[in-house]
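S.K.: Sequence first, predicted model second:
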Amino acid sequence: MKYFAQALSRDFEFGFEPRDGKLIARSGDRTWELDFSPLGDGNAFSLLIDGKSHDLLVEVYDGGVIVQTRGERVKVKVEDERERVAHAVANKQASGRRAIPAVMPGVVVDVRVAPGDEVDDGQTLVVIEAMKMQNPIVADGKGRVRAVRVKKGDVVAQGAALVELE
Amino acid sequence: MKYFAQALSRDFEFGFEPRDGKLIARSGDRTWELDFSPLGDGNAFSLLIDGKSHDLLVEVYDGGVIVQTRGERVKVKVEDERERVAHAVANKQASGRRAIPAVMPGVVVDVRVAPGDEVDDGQTLVVIEAMKMQNPIVADGKGRVRAVRVKKGDVVAQGAALVELE
Amino acid sequence: MTARQPLFRRLLVANRGEIALRVMRTARELGIETAAVYSDVDRNALHVRRADYAFRLGPPSPKESYLCIDRLIEAAKAMRCDAVHPGYGFLSENAKFAEACAEAGLVFVGPPPHAIRAMGDKVEARKIAAAADVPLVPGLNEDVRDDQTMAIKAREIGYPVMLKAAAGGGGKGIRIVREERLLVEAARLARAEASAAFGDDRVYLEKLVVEPRHVEIQVMADQHGEVVFYGERECSVQRRHQKLIEESPCVVLTPALRQAMGQAACRLAKAVGYVGAGTVEFLYSRGQFYFLEMNTRLQVEHPVTEVRFGVDLVKEQLRVAAGLALTPVPEPRGHAIEVRINAEDPDTFFPALGTISRMNLPGGPGVRMDAALYRGLEITPHYDSMLGKLIVHGEDRAHAIARCRRALEELRLVGITTSVPVALRVLDDARFVRGDYDTGILDGISRAPAPEVVELAAMAAAVAKFALARPNTVDSARAPATSPWRLVERLDRLGGRAR
Amino acid sequence: MTARQPLFRRLLVANRGEIALRVMRTARELGIETAAVYSDVDRNALHVRRADYAFRLGPPSPKESYLCIDRLIEAAKAMRCDAVHPGYGFLSENAKFAEACAEAGLVFVGPPPHAIRAMGDKVEARKIAAAADVPLVPGLNEDVRDDQTMAIKAREIGYPVMLKAAAGGGGKGIRIVREERLLVEAARLARAEASAAFGDDRVYLEKLVVEPRHVEIQVMADQHGEVVFYGERECSVQRRHQKLIEESPCVVLTPALRQAMGQAACRLAKAVGYVGAGTVEFLYSRGQFYFLEMNTRLQVEHPVTEVRFGVDLVKEQLRVAAGLALTPVPEPRGHAIEVRINAEDPDTFFPALGTISRMNLPGGPGVRMDAALYRGLEITPHYDSMLGKLIVHGEDRAHAIARCRRALEELRLVGITTSVPVALRVLDDARFVRGDYDTGILDGISRAPAPEVVELAAMAAAVAKFALARPNTVDSARAPATSPWRLVERLDRLGGRAR
């Protein structure tokens, strides 16, 4: 079975195969010998790739995993062949609208638009306060406000839809 | 319900009672106001006793809990009223024999006695090696060897019965 | 030396997080009992658990807890304290709090109220600095509330200009304006932030110095009129006007310039009748330095000075507060660097929330970690995003940089996004390594990991998904007692499969 | 300074645990790649995870892993290393290993084989020391295998006597004999331990010096015939002849005595053509000092010297191994104390096993932690019981003691019994605080916690049982995401109840 990973807009494809007590990884015409050793309750593991040692930490987040190594932190979406097929079908139903999400969690301190408003690229839609900093959330392009999902005083999670544009 | 605790051969008795959102502890004619706050997966908690702060770690071991605070580590046996009655009944069935336990985990490197041997107080029965140190396990008094439970090369856990004396 | 008779009997630490813990560490070493305060979300915080006494202030909102003067005085009285250390942030630069402590018979470990007030008002501070012959950045010494007048004044000073909160500090409430059309909105946001953070919406205008380096002098003054300085710290690596990396010494300072800045800082401290630890911040640009502001408290980055001089500044603060004379300033040794560990997205610098589910803190030679982290700690939006500080000490700057890199690579926090990747990229940056940088350095730093790191992460995620779904392909004898297979379920849930 | 061209390309660290990690930290700071080796139980150890490369040696048994010269040379070749650091213990004082490295074209970071051999044989070492005018303890310069002859010789020297492994070091294989009737059994055990630990069962007899203090000199020699010393370390707090607490400077040493001991140590190093880091151990008693042995490796307690002198001894080792000249010895500053954290029962000193389920390591000013601990680490009986070391640096001895106490109180390890309580009681002991102690100090230290601590523990256990069984009596809003109620089940199981 093949595994597909996507990280920072790059696509990767890997195959894995146990052989003589070792694990062989393959990507295109490259191969590696792996030694995978989990520890803790599954959020850490040691991976030797051709004898090179990597200490890895893994967190599951909405839609993928976050991999940490030597101070770097990379979000990866990973799926196997079967899942890829299933996801492709689901994605066909995606609509044309777009939601402007909260790029950080915080408290809504100002809502500057109402349904029906025409907005410009970069126009402030909502202001969120987090850790004493006020952060304007702006339109990602020209458009019309279809719906406003929050009101002043709301506490919003990261990624929560604030305003729908069309 | 009363709680009985035994630590380093001292006996303690406590009663607890929630009152006005606080927890009152009582022992004899002394009382304290407690604020108990667990964290982690139950192996740590913060306890305020009349406003005095204690950071406590708890491990369950065979027959009790180990409480850690500010570098000290105390083994405590704790039971409530109902358990105390149940244990008292069970203890009536205790036998007269005694087992000499491994005071540390390790590998048995020598067995010096056989069933039927008469032994003196302090006589070496078994030698256990752990972390490169050889440690003689000695008789706790005069007696006769009833059974030898280990042989050379065995790995033994702490507290495991090595030799039975009578 | 541990005094036989402690300097104080019991110290209220009117703060939270790493600084509360750091102050308590010194107090404990001096035989002074420690008293903590906490808001409801901080009930299990390390500063509470490591204190001798603890007192609940109220709900998480700072106004109802760590900013509530009445509750803090009540806490000090209930716990029978005789002194109060304010830490940094919160009420540390609030003259009313210092006064309230004095009225309650508590020794406030900080400068007298009039010095806090004078330096806390940025307009007033500039006047005093000018009178004390401390060089200033060209700017406007008053708040202008009329939009049109402000626009005219800004044009006079010349763009780019900065808007700064009069009551501000620590970079909060600062906005840069590069064009006139953005001035009004920026002023509005700056006032709103200033109002929220300090309860005072006055802002003032200042010229933006080009290629500025942020260099500050650590001063310490006793109650007998003596003032000394502990060299400088360079704090030019900043994002969103918040410092990220600090170092000492500053590579571009000549001994003569260092002496001139130090003496200017001491003149200012004397001019306001200063007592205790304070920091005089300067902008340095092309051989010139300009007074920025004076922070009338212990600074976040004070450990940089501590490791280099072999001194405990909190201990000095407590000694001075108890009326003792200053101790002599030791000779500095080697080079020190501090990296702030912030809970924030390393790309956008937005604050991040989360719960720490696993952590490994760095150790070994020349490494100090000041943090109040523990497994299970939840990072909430109520307070500052700084989780802690890594401080390293090396024989020279190159050694300190290498050591800092090594230690940062050792630091692991699962469950929270941090600024560590950015700090690592700064330490690798050629300009930083040369020492040839200014406060704009972060603009040119890559926000993305190296390509090979991305490939490694992709392979790691894929092999984890593969191997954890097939426990028998990895040596199960090695698996620890706590099962790692919980991840399988979570990974599978992502994949839409149910088992 | 970080050399542009690293001293070596890739360093094999032929060890495990905290010392392997500590060596790698310096290597990384010097731009040298690191290569780890591991036995099966150490697959997930930090020294493996933090290395650049890793190689499996074999099963847990030391003979099949960390003591197996052939496998180590194979590892060095497979990972294409150009140098080998042996750490301490294992093969660090094995001349054959040093020779095998040289034959394989690897630089051995340690002294030449002839120096290891000469100092490793305690009988030979005493001869060389005597010739170099280094004072000796009265004793027997040869191994005696005949029980009767040994008894006669012991009577000549006078009881109490010590039996020491000729190939020993680090206190292993040492037995004190106070009466003749115990001599034969003690010799048998000593030979068995010596054989198991060093593969050499020779033991020799020595007079036991009264009220002895263990004081040692850190030397460093380069390949150009220069030898320097970095002051002394006092290591008199010992249990089972294993050091527990070390400090520097030694309170009873006068400058003249320090100089005399340092020069004696340097003479010995020169006499054997020494290269690299070494420690000359002395017994000090009432103004006199006697040569004990020379350890031809980095010592466990080397950080005590490092923090006081502001030096990295592993860096010096690597520089010297690369052929560079010694760097000047800096002036020492303040006072340093190290506490070893051993997995052992604080009452009986027997080794303990377990799995670390929660940990908090100390931090803040003047604190260094050298350990390779992580949550989930299993302590097995295969290797040494030392888990790590806490090192503190203070302005003077009283400050260092207070800081050490503070830091030890911060250290929390759940799942393993440690020697920490004993160390805390030593730090509180009046004789230790006065500096008036000898190697017998632990005999007089209480093994039991204070009565109020016992009562606190009893109440804590009781309230935990009460409150955790009644989740509604504690504020559930505060409870963290991971449920604490698992403990309830375990506590209830103890009580015999099932839910």
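M.R.: Received the coordinates, thanks.
S.K.: Show me the shaky parts of the chain.
M.R.: As the question left the chain open, I've gone with chain A. Applying pLDDT under 70 to chain A flags residues A:40-41, A:62-63, A:89-97, A:131-132.
S.K.: actually chain C
M.R.: In chain C (pLDDT under 70), the answer is C:1-4, C:141, C:169-173, C:470-499.
S.K.: can you list the residues of it near chain B?
M.R.: C:36, C:43-44, C:48-55, C:78-79, C:374-376 (C-beta under 8 Å from any C-beta of the partner chain). C-betas here are computed from N, CA, C, even on glycine.
S.K.: got a list of what the closest residue in space to C:Leu292 that isn't next to it in sequence touches?
M.R.: With sequence-adjacent residues excluded and distances taken as C-beta to C-beta, 6 or more residues apart in numbering or on different chains, C:Leu292 is closest to C:Glu281, at 4.1 Å. The contact partners of C:Glu281, by C-beta atoms under 8 Å, 6 or more residues apart in numbering or on different chains, come to C:His214, C:Val215, C:Glu216, C:Phe291, C:Leu292, C:Glu293, C:Met294, C:Asn295.
S.K.: same check, this time on A:Thr31
M.R.: A:Ile24, A:Ala25.
S.K.: hang on, C:Phe349 packs against C:Pro421?
M.R.: No: using C-beta atoms under 8 Å as the test, C:Phe349 is too far from C:Pro421 to be in contact (11.6 Å).
S.K.: Relative to C:Glu18, how far out is whatever residue of chain A ends up closest to chain D?
M.R.: In chain A, the residue that lies nearest chain D is A:Asp55 (3.7 Å; C-beta to the nearest C-beta). As judged by C-beta to C-beta, to the nearest Å, A:Asp55 and C:Glu18 stand 25 Å apart.
S.K.: ok, now A:Leu162?
M.R.: 33 Å.
S.K.: picking that back up, scan the contacts of C:Glu281 and report the most crowded one.
M.R.: When neighbours are counted by other C-beta atoms under 10 Å in any protein chain shown, C:Met294 leads those with 31 neighbours.
S.K.: Show me what the helix or strand where it lies is packed up against.
M.R.: C:Met294 is part of strand C:288-295, with elements assigned from DSSP states H and E. Here strand C:288-295 touches helix C:113-120, helix C:122-131, helix C:255-271, strand C:276-285, going by 3 or more C-beta pairs under 8 Å, 6 or more residues apart in numbering or on different chains; DSSP states H and E.
S.K.: Next, the angle strand C:276-285 makes with the second one.
M.R.: What it means is helix C:122-131. 80 degrees (axes from the mean of the first three to the mean of the last three C-alpha atoms, to 10 degrees).
S.K.: buried ones in helix C:122-131?
M.R.: Using 16 or more other C-beta atoms under 10 Å in any protein chain shown as the test for burial, helix C:122-131 gives C:Lys122, C:Ala125, C:Arg126, C:Ile128, C:Ala129.
S.K.: For the first one, give me its contacts.
M.R.: C:Lys122 makes contacts with C:Lys164, C:Ala165, C:Ala166, C:Ala167, C:Gly168, C:Tyr204, C:Glu293, as judged by C-beta under 8 Å, 6+ apart.
S.K.: change it to 6 Å
M.R.: Listed by C-beta atoms under 6 Å, 6 or more residues apart in numbering or on different chains, the contact set of C:Lys122 reads C:Ala166, C:Glu293.
S.K.: same question, the last one
M.R.: Listed by C-beta under 6 Å, 6+ apart, the contact set of C:Ala129 reads C:Leu268, C:Phe291.
S.K.: any idea how far C:Leu182 is from it?
M.R.: For C:Ala129 relative to C:Leu182 (C-beta to C-beta), the value is 29 Å.
S.K.: Look at A:Asp55 and C:Glu18 and report which has more neighbours.
M.R.: C:Glu18 (25 against 22).
S.K.: surely C:Ile445 meets C:Arg425?
M.R.: Yes: between C:Ile445 and C:Arg425 there is a contact under C-beta atoms under 6 Å: 5.1 Å.
S.K.: near chain D, which residues of chain A?
M.R.: For chain A, the residues in contact with chain D (C-beta under 6 Å from any C-beta of the partner chain) are A:Ser37, A:Leu39, A:Gly40, A:Ser46, A:Leu48, A:Gly51, A:Lys52, A:Ser53, A:Asp55.
S.K.: separation between the second one and chain B?
M.R.: For A:Leu39, the distance to chain B equals 17 Å [C-beta to the nearest C-beta, to the nearest Å].
S.K.: buried residues in stretch A:3-12?
M.R.: A:Tyr3, A:Phe4, A:Ala5, A:Gln6, A:Ala7, A:Phe12.
S.K.: of all those residues, which comes closest to C:Asp147?
M.R.: Using C-beta to C-beta, A:Ala7 comes nearest to C:Asp147 of the buried residues of stretch A:3-12, at 46.7 Å.
S.K.: bridging residues for that closest one?
M.R.: Legend: beta-bridge partners of A:Ala7 under DSSP bridges are A:Arg10, A:Val76.
S.K.: can you check the one 10 residues further on too?
M.R.: For A:Glu17, the beta-bridge partners under DSSP bridges are A:Ile24.
S.K.: so it makes contact with A:Ile24?
M.R.: Yes: applying C-beta under 6 Å, one finds A:Glu17 in contact with A:Ile24, separated by 4.8 Å.
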